[in-house]
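Trainee: let's see this in three dimensions:
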Amino acid sequence: MTDAQPASTPERRSRLVVLAGPTAVGKGTVADDVRRNHPDVWISVSATTRPPRPGEVNGVHYWFVSDEEFDRMIAEDDLLEWAVVHKAARYGTPRQPVDLALASGRPAMLEIDLQGARQVRTTMPDALFVFLKPPSWDELVRRLVGRGTETEEERTRRLDTAREELAAEPEFDVTIVNHEVHAAADQLVSLMMLD
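Mentor: Residues are numbered from 1 along each chain as shown. Below is the predicted model of the structure:
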């Protein structure tokens, strides 16, 4: 007669959801809504070399780092993805927190730009890629101008980038139109729970 062994449970890993879309579409606002209303969802905090906007908190909205610190993160392969965005600042996703969140089995999400999403597609092709789209071009322009955080030159550069980013929609698995933030966030979370 042998001693009964407890059945081992397989390691539970969650599927990564990658949220991307054009500038000013509301990615950060949707992510904030998910953070507030769905605390079970882990959301990555990106590192950036740009200065904080009014109200942004280091470690909550972004990790605000120097160019030297960002260079170190690249050299030590500490970033899952990184890119220069709007021909200005660099943004990247620290790798270790993503790996830990996925290993814990929690629903996990990256809120990143198009360049970053493309890099993650090559390293983590099993992720679910979600494109956040504005209701219209005019609404996207209104949102960008309305937030009042960029100069006229920066707005022009961001809108030029947004045209290119909108053309990438077919690269994504799912599209959510951001008519209203809370509804878009709920739709995103419902996609996470399908697995």
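Trainee: okay, CA-based contacts and neighbour counts for the rest of this
Mentor: Noted.
Trainee: which is the succeeding secondary structure element to the host helix or strand of Gln96?
Mentor: Taking DSSP states H and E as the definition, Gln96 sits inside helix 95-104. Sequence order places strand 108-111 as the next helix or strand after helix 95-104, per DSSP H and E.
Trainee: what's that following strand packed up against?
Mentor: Counting contacts by 3 or more CA pairs under 8 Å, 6 or more residues apart in numbering; DSSP states H and E, strand 108-111 is packed against strand 16-20, helix 27-37, strand 42-43, helix 95-104.
Trainee: any idea which of these is most buried?
Mentor: strand 16-20 (a mean of 25; mean count of other CA atoms under 10 Å).
Trainee: and the helix or strand bottoming out on mean pLDDT in the chain, what's buried?
Mentor: Ranked by mean pLDDT, DSSP states H and E, the weakest helix or strand in the chain is helix 137-147, scoring a mean of 86. Within helix 137-147, the residues that qualify as buried are Leu140, Val141, Arg143, Leu144, counting by 16 or more other CA atoms under 10 Å.
Trainee: ok, now stretch 81-100?
Mentor: Those would be Glu81, Trp82, Ala83, Val85, His86, Arg90, Tyr91, Gly92, Thr93, Pro94, Arg95, Val98, for stretch 81-100 by 16+ other CA under 10 Å.
Trainee: filter those down to the ones in helices?
Mentor: Arg95, Val98 (DSSP state H).
Trainee: dump the buried residues of stretch 81-100 to JSON lines, plus pLDDT.
Mentor: Formatted as JSON lines, the buried residues of stretch 81-100 follow (pLDDT from 0 to 100):
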{"residue": "Glu81", "pLDDT": "94"}
{"residue": "Trp82", "pLDDT": "93"}
{"residue": "Ala83", "pLDDT": "87"}
{"residue": "Val85", "pLDDT": "78"}
{"residue": "His86", "pLDDT": "69"}
{"residue": "Arg90", "pLDDT": "94"}
{"residue": "Tyr91", "pLDDT": "91"}
{"residue": "Gly92", "pLDDT": "94"}
{"residue": "Thr93", "pLDDT": "95"}
{"residue": "Pro94", "pLDDT": "95"}
{"residue": "Arg95", "pLDDT": "92"}
{"residue": "Val98", "pLDDT": "93"}
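Trainee: which one among the buried residues of stretch 81-100 gets closest to Glu154?
Mentor: His86 (8.2 Å; CA to CA).
Trainee: end to end on stretch 165-175, go ahead and measure it.
Mentor: Counting by CA to CA, to the nearest Å, you get 13 Å between the two ends of stretch 165-175.
Trainee: quick one: mean pLDDT over it.
Mentor: Averaged over stretch 165-175, pLDDT sits at 96.
Trainee: contacting residues around that stretch?
Mentor: Gly21, Pro22, Leu114, Leu128, Phe129, Val130, Phe131, Leu132, Lys133 (CA atoms under 8 Å, 6 or more residues apart in numbering).
Trainee: widest-spaced pair of those?
Mentor: Longest span within the contacts of stretch 165-175, CA to CA: Pro22 and Leu128, 17.6 Å.
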